[in-house]
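Asks: Need coordinates for the following:
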Amino acid sequence: MLLKFKEEKMKKVFKFNRVFWTGLAFFFALMILLPEKAILQAGRSGTDHSLQMNAYYRMGNPKMESVLYQLVEVYNIYGLVEAQKFAEQRGIDMQGDCVRIVAESRSRVSRVKTGGVVLMRDLWWLQLFEQADDFQMSPSYLVSMQINAYGGHVETTYNNLVQSVMPLYALQDLAYYSSVKYLRLPKKPVPFVVSEGVEVTGADLWQSVTPYRSTESVKVCILDLGFNGYPALLGTELPSSVTVRSFRSDGDLFVSDHGTACAEIVYDMAPDAELLLVNFGTDVEHRSAVNWIIDQNVDIISCSVGWFNIGAGNGTGPICEDVKDAHDNGIIWISAAGNNAETHWETRFQDPDFDDWCNFEDPGDPEYEYFAFNVVAGNLYSVYLNWNDWGTWNGSNYSGSQGNDYDLYLYDSGFFVLAQSNNDQTSGAPPTEAVSFTATSTGVQYIRVFKWLTTRNCDLELFLYNIASLDPQYQEPSGSLSIPADSSYAVSVGATYWSDDSYEPYSSQGPTQDGRTKPDYSAPVGVLSSTYGLAGFFGTSAATPHVAGAFALLKGKTPFTLDDVNEILEARAEDLGSAGKDNIFGYGRLSLAQGSESGAPIRQILTLGQKTTVSQGKGQTSPAKNPVKKKDPVKKKPIIK
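Replies: Below you'll find the model as predicted:
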């Protein structure tokens, strides 16, 4: 009996040992066989609120931008203080326990009319509204009410977009409503900063000409991020009076001095122009600002900021639609090409070892699954990824995407994950991913792109903003335009150095994604301004207001339309690079003086009845194009105002 008991006990022990060792062997086999780079553990990211990251299994809400979902998870798991740290590190706007978001509402809301009452069935929420016979509901109306019901505050709306400040605890509930199509962070523009341009472009030769339009001034709007310090410049570096308007949710006109420097250049070029200074901070605010500008009967918009991941790069998308609206109302939109030529990369997804990670350079070398770049401690930088699966733009939205889905990962120098973006394109999210991160140390960091689910290998495009440098092997200057410089309705401007017309290597180049040649002009940078002082004003941000000022100057001094002025400037541009319009300089460096005699404008051309003209095909006339190439410009030293 005792022997039988011991035998049964030994069988149980043996069975346990067999199961234990089999399980342990399976675990180690899994660790060996599973691709080492598939597990993206964020254990040494330098934060206390890192989330587990795994490329083959991702958590999230398909109706929320992934970084917004991550913020909510940090809040739920670690509390408000850690959520605020996470937001600060990622450049997310938070106010207490609330975050600024944009809710994209669906275009239609189901409703049933019953005896003067409308029943709105929106998942589990039933709301009664008093019904008038002519009751109409905007796409964003119901979403605005739901936000208010959760203690949020609606800041502004435009069509189906609702910008609000929303409590973190309520975001998941808000996303579940069928009236909500998608929750995301607001899209933010970026300035392109890295004056002698008046003489270089020949604008000084025109400024003494008697204005043709003596009873009305040309209106130029500088649409920018902010105008800090502008009051101190009124009557000296700016006109004695200007019109100002802020479309920011906080109404802060002084959040940046970038717009002030741009306004200085416009005034230097066209001192008789009437200036409007308008600022904004998000894509929704931008659309409201443009509508207001149109109502002011503005002639020219000078915009030295740009966008990433907000359009297909072929002149479509919401910001390009704003440019088209302005154009349709008779406004010339002058746009900075961007400073992205040295921080742009683009190629088709390639994965020769079939591990779903993109190989950036050498397809046969697994080390090239890491895209290296350099950062400076304390800088908030951003990485933007998009690919060619936008679908068709219908004037308000894209439709027809195939749902190809890629994810973006950011690593520190020790190859540990700092951040990830894994929006769900299979559920309708746009073909974009983005991460923003505040560098904790100076040095190298890495990007990786993971193929989650695709029907084809898409063309991937990366833009990096506010980084220290990018290895030349990754630089792809061609096609590096920001949005809306890709718009066919915008006049886009690249950068040349003021003293010798040399190309500025950061200046973004064309073509657009649909093959059009851009930019349209290049213009001087490195000029002095009161705002930036002796350091000089660099970047296509500085080039853009030179062109805007040139349009204003010629429109005020001549009888010609803005379209005519554009043809005049095309003909007089100082051709640089390849003959004719090219994807680096456009038509050439801005020049108003070409076609002049003895250093003065041809006044006969400006005298009505004595114009030397070419046919414009629209019943309009403009100065004939001068075939004589201008002599090399005399190099001038900067003049401090």
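
Asks: Setting aside sequence neighbours, what's the nearest residue to Pro211?
Replies: Take Pro211 and drop its neighbours on the chain: the residue closest to it by CB to CB, 6 or more residues apart in numbering is Gly556, 5.0 Å away. From N, CA and C alone the C-beta is placed, and that goes for glycine too.

Asks: residue contacts, the spatially most central residue of the chain?
Replies: Nearest residue to the geometric centre of the chain (CA atoms, centre = their mean): Trp307, 1.3 Å. Residues near Trp307 by CB atoms under 8 Å, 6 or more residues apart in numbering: 187, 189-190, 283, 319, 482-484.

Asks: Surely the residue nearest to Pro211 is in a helix?
Replies: Yes: counting by DSSP: H, G, I helix; E, B strand; the rest coil, Gly556 is found in a helix.

Asks: just the contacts of Trp307 now: which is nearest Ser436?
Replies: Val190 (11.0 Å; CB to CB).

Asks: mind listing what the residue nearest to the closest one when sequence neighbours are not counted touches?
Replies: Nearest non-adjacent residue to Val190, counting by CB to CB, 6+ apart: Tyr465, 5.6 Å away. If you count contacts by CB under 8 Å, 6+ apart, Tyr465 has them with 190, 308, 340, 343, 381-384.

Asks: give me that answer again for 7 Å
Replies: 190, 381-382 (CB atoms under 7 Å, 6 or more residues apart in numbering).

Asks: From the residues you listed, pick the one nearest Ala263.
Replies: Val190 (18.7 Å).

Asks: do you know how far that closest one is from Ser401?
Replies: Using CB to CB, to the nearest Å, Val190 is found at 25 Å from Ser401.

Asks: got it, and Ile447?
Replies: From Ile447 to Ser401 the distance is 23 Å (CB to CB).

Asks: more neighbours, the two?
Replies: Ile447 (22 against 16; other CB atoms under 10 Å).

Asks: Help me confirm that the more buried one is found in a strand?
Replies: Yes: counting by three-state DSSP, Ile447 is located in a strand.

Asks: picking that back up, redo the contacts of Tyr465 as CSV? Include neighbour count and distance to Val323.
Replies: Putting the contacts of Tyr465 into CSV (neighbours: other CB atoms under 10 Å; distance: CB to CB, whole Å) gives the following:
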residue, neighbour count, distance to Val323
Val190, 21, 17
Tyr381, 22, 27
Ser382, 19, 23
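
Asks: And for Arg516, the neighbour number?
Replies: Neighbours of Arg516 under the rule other CB under 10 Å: 15.

Asks: any idea whether it is helix, strand or coil?
Replies: Under three-state DSSP, Arg516 falls in the coil class.

Asks: quick one, what contacts it?
Replies: Contacts for Arg516 (CB under 7 Å, 6+ apart) come out as 488, 510.

Asks: Let's see that with 8 Å instead.
Replies: 315, 486, 488, 510.

Asks: what's the burial count for the last one?
Replies: The reference is to Gly510. When neighbours are defined as other CB under 10 Å, Gly510 has 26 of them.

Asks: One more: the first one?
Replies: Gly315 is surrounded by 24 other residues when neighbours are defined as other CB under 10 Å.

Asks: domains in the chain, as residue ranges please.
Replies: Split into domains by automatic domain parsing, the chain comes to 94-184, 191-340+481-603, 344-474.

Asks: For the last one, measure first residue to last.
Replies: This stretch, domain 344-474, spans 8 Å end to end (CA to CA, to the nearest Å).

Asks: so how far is that domain from its chain's centroid?
Replies: The chain centroid and the centroid of domain 344-474 are separated by 16 Å under CA atoms, centre = their mean, to the nearest Å.

Asks: Then the second one?
Replies: Averaged C-alpha coordinates place domain 191-340+481-603 at 17 Å from its chain's average position (CA atoms, centre = their mean).

Asks: I'd like the mean pLDDT over that domain, please.
Replies: Domain 191-340+481-603 shows a mean pLDDT of 90.

Asks: again with the shortest one
Replies: In this model, domain 94-184 carries a mean pLDDT of 75.

Asks: again with the last one
Replies: The pLDDT scores in domain 344-474 average 92.

Asks: measure Val444 to Asn339 for me?
Replies: 21 Å.

Asks: do Ala175 as well
Replies: 36 Å.

Asks: Same question for Glu73.
Replies: From Glu73 across to Asn339, the span is 34 Å (CB to CB).

Asks: cool, and Val74?
Replies: Taking CB to CB as the measure, Val74 falls 33 Å from Asn339.

Asks: Please say which of these two ends up with more neighbours.
Replies: Applying other CB under 10 Å to Val74 and Asn339 shows that Asn339 carries more neighbours, namely 28 against 23.

Asks: Isn't that one up against Ala543?
Replies: No: counting by CB atoms under 8 Å, Asn339 does not reach Ala543; the two are 10.3 Å apart.

Asks: shared neighbours, those two?
Replies: With CB under 8 Å, 6+ apart, Asn339 and Ala543 have common neighbours 495, 507.

Asks: re earlier: quick check, nearest of the contacts of Trp307 to Ala263?
Replies: Distances from Ala263 to the contacts of Trp307, taken by CB to CB, are shortest for Pro189, at 16.8 Å.
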